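Q: Attaching a predicted model along with its sequence, questions to come.
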Amino acid sequence: MTTAASFEVRPITATLGAEVSGVDLSDVDAATLEALNKAWLECKVLVLRDQHITREQHIAFGRLFGELEIHPFATGTLGDSGHEEIVQITSTPERLVAANTWHSDVTWREVPSMGSILRGVVIPQVGGDTCFADTAAAYDRLSDDWKARVDDKFAVHDFMRTFGRGVPAEKLDEMRSAYPPARHPVIRTHPETGARGIYTNRQFTSHVGGVDADESEEILRRLERAIMDPSVQCRIRWEVDTFVMWDNRAVQHYATDDYWPETRTVERVTVVGDRPY
Ligand code: SIN
């Protein structure tokens, strides 16, 4: 049983990330949920160790924060075992799979996710860390000229950039009309904290609207460089049954791919968010 009294938050950097102890994810009372929500908003990435819970409890924990997404493209969705809310990402000696570009989850949706809650299932001896970047800190470090250049711009995000190849030709039209390219502000405002942060990424953003292809490329590169600044980042080392929850409205992440030929498996539930503005 978790109580708010045992809840402890140890920050990892000045603006980003915290190790949280004194929480049992299988049994979260109202006061602890409030404390978790507060810490999540403040620290953006929370790390909870040694949570030996079932998949059902992982899903139930995710639901405390809102409706869960069913990912329409991820090949690792565990629908067959009755856990369709869980996306399993596995990298093996035969096939290295890593989300190794900076991104927020599912920005190709018109209503992208609020948060992701990822569990370490099979973790390499060394490597396989996940890096996070504070998108508001990255924006704050832009020059005034760059801020003025990107402040009122929109960008287009498209699942085709990443998942397009995996969709069978006969399903493509259907998926394209179900998930048309989404238009989001280049700098989004966090609906709860009001912080403004970079919301373009290489994984899903096809281009910046209202400018030519060269200028779009220049803007996307500049913003990616801002995200890649180690001064706005933290890096999380995984263990089996470590859970990391991150706020997709406030951070981007990058899964390192430095452990081949070892196996790495993680499982994610993703909480539905709201339309970026
Ligand atoms: C993801 O992009 O959701 C997966 C991150 C990871 O594998 O660490």
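A: Sure, I can see it. Numbers count the residues shown, from 1 in each chain.
Q: got the buried residues for stretch 85-95?
A: Using 16 or more other C-beta atoms under 10 Å as the test for burial, stretch 85-95 gives 85-89, 91. Bear in mind the C-beta positions are built from the backbone N, C-alpha and C, glycine included.
Q: can you confirm residue 139 is in a helix?
A: Yes: Residue 139 forms part of a helix when assessed by DSSP: H, G, I helix; E, B strand; the rest coil.
Q: which residues touch it?
A: For residue 139, the contacting residues are 147, 187, 196-198, 226, by C-beta atoms under 8 Å, 6 or more residues apart in numbering.
Q: Can you name the residues of the stretch 151-277 of the chain sitting close to the ligand?
A: 253, 255, 266, 268 (C-beta under 6 Å from any ligand atom).
Q: The same query, at a cut-off of 5 Å, please.
A: Counting by C-beta under 5 Å from any ligand atom, the residues of the stretch 151-277 of the chain close to the ligand are 255, 266.
Q: for this structure, what spans make up the helices?
A: 30-43, 55-63, 135-140, 144-150, 160-163, 172-178, 213-227 (DSSP state H).
Q: Out of those, which one sits most buried?
A: Neighbour counts (mean count of other C-beta atoms under 10 Å) averaged over each of the helices of the chain peak at helix 135-140, with a mean of 24.
Q: Check the helices of the chain for me: which has the lowest mean pLDDT.
A: With a mean of 88, helix 160-163 has the lowest mean pLDDT of these.
Q: Sheet-wise, list the partners of the worst-scoring helix or strand of the chain on mean pLDDT with their directions.
A: Lowest on mean pLDDT, DSSP states H and E among the helices and strands of the chain sits strand 77-78, with a mean of 78. Partner strands for strand 77-78, per DSSP bridges, with pairing direction: strand 83-91 (antiparallel).
Q: The strand it pairs with vs helix 55-63, what angle?
A: Calculated by axes from the mean of the first three to the mean of the last three C-alpha atoms, to 10 degrees, strand 83-91 forms an angle of 100 degrees with helix 55-63.
Q: I'd like the mean pLDDT over strand 83-91, please.
A: Rounded mean pLDDT across strand 83-91 is 94.
Q: Tell me how far it lies from the chain's centre.
A: Taking C-alpha atoms, centre = their mean, to the nearest Å, one finds strand 83-91 lying 14 Å from the centre of the chain it belongs to.
Q: And for stretch 107-126?
A: 5 Å.
Q: hmm, it touching the ligand?
A: No: in terms of C-beta under 5 Å from any ligand atom, no part of stretch 107-126 sits within range of the ligand; the closest distance is 5.6 Å.
Q: hang on, residue 50 packs against residue 119?
A: No: under the criterion of C-beta atoms under 8 Å, residue 50 makes no contact with residue 119, lying 11.6 Å away.
Q: ok, the two, which is more surrounded?
A: Neighbour tally, residue 50 and residue 119, criterion other C-beta atoms under 10 Å: the higher count belongs to residue 119, 25 against 11.
Q: Tell me which residues touch the more buried one, please.
A: So residue 119 contacts 51, 58, 241-243, 266-268 (C-beta under 8 Å, 6+ apart).
Q: ok, so of these, who is nearest residue 183?
A: residue 268 (25.4 Å; C-beta to C-beta).
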